[in-house]
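# the sequence and its predicted three-dimensional model are supplied below.
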Amino acid sequence: MNRATETPPPAKKQFNPKDAVLVFFAFALISAAVLFALVIYDVLTLQDLLSFDDPLQLVMYSILPTISLLLFGIILTLLTPASYIDETNKSYQNYSPAVILSFTFAGALFEELLFRGIIQNVLTLYLPVPWFAIAITTVLFVGIHVQYYSKPLMLLNITIPSLAFGWVYMQSHNLLVPILVHFLMNLGITLLFKYKVIQMRGEKG
């Protein structure tokens, strides 16, 4: 066979946050429908999902974990060589603030509805210790981030926040809190990269 006539392999499609936003919102809608069904069939209560018994506590569990996770992300970034970071993560900062905001919110909404809203809640019903549910949920959360398997250090970057989101939800009993913390953490780190407030070690400015 003449090699000159061979068809070159198709180019790998580049990651596009605009497309991901629609996918995330679609899956968030499905997750919300599942949560609604769990409430309708008395598997969960509305109080399990959206408790407003202590508004001051909700504010505290929104602000302090967000600040702590931002600091964790900044420190990890400053200590991690650029070559250890997934290429997709590096590309987020190249998009407009509106796209970054939409992408980080849609991602946080879907992941928290699924992992804390559905998985952690259901596991909590059957496990004797809430932290078992948080740990298993975190393993599953890390498991779906297959793009990080080639960059093992990135797994730490999602394991610690996932444990924190689970703890925040366990304490607040309000899904809006981990959604907000997750969103603000991702948005904050991405914008710090975008405007070059922080840079990965070994990366040229």
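Yep, that arrived.
# what residues does the host helix or strand of S68 touch?
In this structure, S68 is located in helix 55-79 according to DSSP states H and E. Residues outside helix 55-79 that contact it (C-beta atoms under 8 Å, 6 or more residues apart in numbering) are 52, 156-157, 160-161, 164, 167-168, 171-172, 174, 176-177, 180-181, 184-185, 188-189, 192-193, 198-201. Every C-beta, even on glycine, is put in place using the N, C-alpha and C of the backbone.
# at which residues are the helices of the protein located?
17-40, 46-49, 55-79, 87-91, 97-111, 121-126, 130-144, 152-172, 176-194 (DSSP state H).
# chain center to the second one, what's the gap?
Relative to the mean C-alpha coordinate of its chain, helix 46-49 is positioned 21 Å out (C-alpha atoms, centre = their mean, to the nearest Å).
# output the contacting helices and strands for it.
Under the contact criterion of 3 or more C-beta pairs under 8 Å, 6 or more residues apart in numbering; DSSP states H and E, helix 46-49 touches helix 17-40.
# contact partners of the helix it packs on?
Against helix 17-40 from outside (C-beta under 8 Å, 6+ apart): 44-46, 49, 92, 95, 99-100, 102-103, 106-107, 109-110, 113-114, 117-118, 121-122.
# swap in stretch 134-142?
111, 115-116, 119-120, 123, 127, 148, 155, 158-159, 162-163, 166-167, 170.
# isn't P178 up against L114?
No. Using C-beta atoms under 8 Å, P178 makes no contact with L114, being 11.5 Å away.
# more neighbours: which of these two?
P178 (31 against 22; other C-beta atoms under 10 Å).
# what sits against the more buried one?
Neighbouring residues of P178 by C-beta under 8 Å, 6+ apart: 112, 116, 165-166, 168-169, 172.
# those residues into a markdown table, with extra columns for neighbour count?
Compiled in a markdown table, the contacts of P178 are given as follows (neighbours: other C-beta atoms under 10 Å):
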| residue | neighbour count |
| --- | --- |
| E112 | 26 |
| R116 | 26 |
| F165 | 28 |
| G166 | 25 |
| V168 | 25 |
| Y169 | 29 |
| S172 | 24 |
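# just name the closest of those residues to I85, please.
Nearest to I85 among the contacts of P178 is F165, at 21.3 Å by C-beta to C-beta.
# centroid-nearest residue for the protein?
A108 (5.1 Å; C-alpha atoms, centre = their mean).
# is it correct that that residue is in contact with V177?
No. Counting by C-beta under 8 Å, A108 stays clear of V177, with 11.5 Å between them.
# lowest-pLDDT helix or strand in this protein?
helix 87-91 (a mean of 62; mean pLDDT, DSSP states H and E).
# dump stretch 74-88 to CSV, restricted to CA.
The C-alpha trace of stretch 74-88 is given here as CSV (Å, rounded to 0.1, in the frame of the first residue of the first chain):
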residue,chain,number,x,y,z
ILE,A,74,-2.3,28.5,45.8
ILE,A,75,0.3,26.7,48.0
LEU,A,76,0.0,23.5,45.9
THR,A,77,0.3,25.6,42.7
LEU,A,78,3.5,27.4,43.9
LEU,A,79,5.1,24.0,44.9
THR,A,80,4.1,22.0,41.8
PRO,A,81,6.2,22.1,38.7
ALA,A,82,4.3,23.1,35.6
SER,A,83,5.0,19.7,33.9
TYR,A,84,3.0,18.0,36.7
ILE,A,85,-0.2,19.9,35.8
ASP,A,86,-2.8,18.6,33.3
GLU,A,87,-2.8,20.5,30.0
THR,A,88,-6.6,21.0,30.1
